[in-house]
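Q: what's the 3D shape of this:
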Amino acid sequence: MFSDQVTQEIKALVPDYRVHLLEPKKIVNWDSFKTDVGILFEMISVSDERNGMKNLIENNPQKYSNVNNDIVRAVNQFTKGDIPINEDKEETNMCYAMQTTREEARSEGMETLMDTYTWLIFCGREEDAAAMMKKENSELRERLLAEYSAKVNHDGK
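A: Numbers count the residues shown, from 1 in each chain. Alright, predicted model coming up:
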């Protein structure tokens, strides 16, 4: 299996094992995986999709209700996730963890939105504050939230 460029001296020092690689993003049938490693690979396979992991967990809560903590850590590592781990037990209920994470994010988002609204009012920008709260003004809201964030980061709140 070594290329012709590898010397006999090197070949003698290194075992020539066949390596089998799995590409999670190319697997379509997850039923053949009987261990939690299948959960890891399946999570990796949908990690680029906007709601991929959320949909997996919500559509099969029984499968994700008791996942080994090492697998959850690996999911977080390989997907750049932030699923909280139940350190009191050996397993984590990923359904509960995902719901908790979403609720915390929603709460933080609401707090930032209200802080931005208050800041705009304080700055005499009542029209921007009112417009930002309208659902259809998402671009304006994003711009004003970024402006507020930059101001807070610059001033140290």
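Q: Could you give me the buried positions within the lowest-mean-pLDDT helix or strand in the chain?
A: Of all regular secondary-structure elements in the chain, judged by mean pLDDT, DSSP states H and E, the least confident is helix 8-13 with a mean of 84. Applying a neighbour-count criterion of 16 or more other CB atoms under 10 Å, helix 8-13 contains no buried positions. Where C-beta positions appear, they are placed from N, C-alpha and C, glycine not excepted.
Q: what does stretch 74-81 give?
A: Using 16+ other CB under 10 Å as the test for burial, stretch 74-81 gives Ala74, Val75, Thr79, Gly81.
Q: Could you do stretch 27-37 as well?
A: Asp36.
Q: mind checking the longest helix of the chain?
A: helix 94-122 (DSSP state H).
Q: Following it in sequence, what is the next regular element?
A: Moving toward the C-terminus from helix 94-122, the next helix or strand (DSSP states H and E) is helix 126-132.
Q: you'd agree Tyr148 is up against Asp115?
A: Yes - under the contact definition of CB atoms under 8 Å, Tyr148 touches Asp115, with a separation of 7.0 Å.
Q: This completes my enquiry, with thanks.
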